[in-house]
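Student: Sharing a model that was predicted from the sequence below.
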Number of protein chains: 2
Amino acid sequence: MSDDGPIAACPIGPVVDLVFSRWTTPILLTLHRDGRLRFVELHRRIGGVTAKVLTERLRRLERDGLVTRSYFAEVPPRAEYEITELGRSLGPVFATLAAWQAEHLGEVESARRGFDG
Amino acid sequence: MSDDGPIAACPIGPVVDLVFSRWTTPILLTLHRDGRLRFVELHRRIGGVTAKVLTERLRRLERDGLVTRSYFAEVPPRAEYEITELGRSLGPVFATLAAWQAEHLGEVESARRGFDG
DNA sequence: TCCATTAGGTACCTAGGGGAAACTGGCTGT
DNA sequence: ACAGCCAGTTTCCCCTAGGTACCTAATGGA
């Protein structure tokens, strides 16, 4: 009956969880654009996220191998984050997304206006 | 100081909200793969989602112009959902994602094992 | 006669993902 | 003497996305 379950319905589930959880996209994009950054600087550039959540996300990205963390027990402490090769390999994904948005977001907006009005 | 705010940090925010909200990916994928489907059938093929939530998602996708809904006030009622051209244009996005996953998910998993152990 | 069917709508409830704020630590500048 | 600075951690708290359960309509079949 061609029903291979939810896995077949969403074969890209894992990568979606990985890359498109809240805040992970701006983190990855900023690190990709601006290179190695320390915590406060990354925090400032993203904006809106709290330190607690940013820490959590970064830990998770580190665990997933998308980001590296270098900690220096100086005073004041220093932590630097950098995107890995693996993280960098997401470039085409983001590029495809950006391209789609540039080309089609207008259609979405006008569809919404049509639906609402 | 090259700080254009959160917008610069996440220029693809709109499309991410649009396409990667919970359940929208399997909905779009299933409709893309299997063509026009009525509500129950779509519900069955996705699995795990409740009727209430599925309805909400479909309404939203309809509003965004990614899906069309054809309702027939018969008894029992019939509603058929179909992906639009606009929805279909997301194909390359999903393909890029699937390709990345196929090539790199293994690295992610081994990074996790390394981190945990 | 009575139930299943379809496409939802509605009311209620819960878990947990985040947000806000306060705290740690030692050095450095005023 | 005292207030920052950095990189978090911890505690508390709230909101809401999503789940459960129950309701409708007219018909066809057992």
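Tutor: Structure's in. What do you need?
Student: show me the residues around the spatially most central residue of chain A that make contact.
Tutor: Centroid check for chain A by CA atoms, centre = their mean gives residue A:25 as the closest residue, at 1.9 Å. Counting by CB atoms under 8 Å, 6 or more residues apart in numbering or on different chains, residue A:25 touches A:19, A:94, B:10, B:12-13, B:16. In short, each C-beta sits where N, CA and C put it, glycine included.
Student: Tell me which two of these sit farthest apart.
Tutor: A:19 and B:13 (13.4 Å; CB to CB).
Student: re the thing from before, wait, a strand at the residue nearest to the centre of chain A?
Tutor: No. Residue A:25: not assigned to a strand; according to DSSP: H, G, I helix; E, B strand; the rest coil it is helix.
Student: For the closest residue to residue A:91 other than its chain neighbours, which residues are in contact?
Tutor: Once flanking residues are discounted, residue A:91 sits nearest to residue A:32: 7.0 Å by CB to CB, 6 or more residues apart in numbering or on different chains. Going by CB under 8 Å, 6+ apart, residue A:32 touches A:83, A:87-88, A:90-91, A:94.
Student: Pull out the buried residues from the residues you listed.
Tutor: Buried residues within the contacts of residue A:32, counting neighbours by 16 or more other CB atoms under 10 Å in any protein chain shown: A:83, A:87, A:90, A:94.
Student: quick one: which of these sit in helices?
Tutor: Using DSSP state H, the subset of those located in helices is A:87, A:94.
Student: What ranges does chain A have for its helices?
Tutor: Under the criterion DSSP H, helices of chain A are mapped to A:5-9, A:13-19, A:24-34, A:39-46, A:51-63, A:85-88, A:91-116.
Student: wait, residue A:57 sits on residue A:24?
Tutor: Yes. Using CB atoms under 8 Å, residue A:57 and residue A:24 qualify as a contacting pair, with a distance of 5.8 Å.
Student: Would you quantify the distance from residue A:33 to residue A:27?
Tutor: Residue A:33 is 11 Å from residue A:27, where distance means CB to CB, to the nearest Å.
Student: what does chain A put close to DNA strand D?
Tutor: By the rule CB under 7 Å from any atom of the strand, the part of chain A lying against DNA strand D is A:38-41, A:51-52, A:55, A:59, A:69, A:71, A:76-80.
Student: Give me the lowest-pLDDT entry from these.
Tutor: For the residues of chain A next to DNA strand D, the weakest pLDDT value sits at residue A:76, with 92.
Student: Tell me how many other residues surround that one.
Tutor: Residue A:76 has 6 neighbouring residues, counting by other CB atoms under 10 Å in any protein chain shown.
Student: Please apply the same query to the one 4 residues further on.
Tutor: Here the count is done by other CB under 10 Å, and residue A:80 has 16 residues near it.
Student: Likewise for residue A:93?
Tutor: 20.
Student: OK, contacts around it?
Tutor: Going by CB under 8 Å, 6+ apart, residue A:93 touches A:19, B:96-97, B:100.
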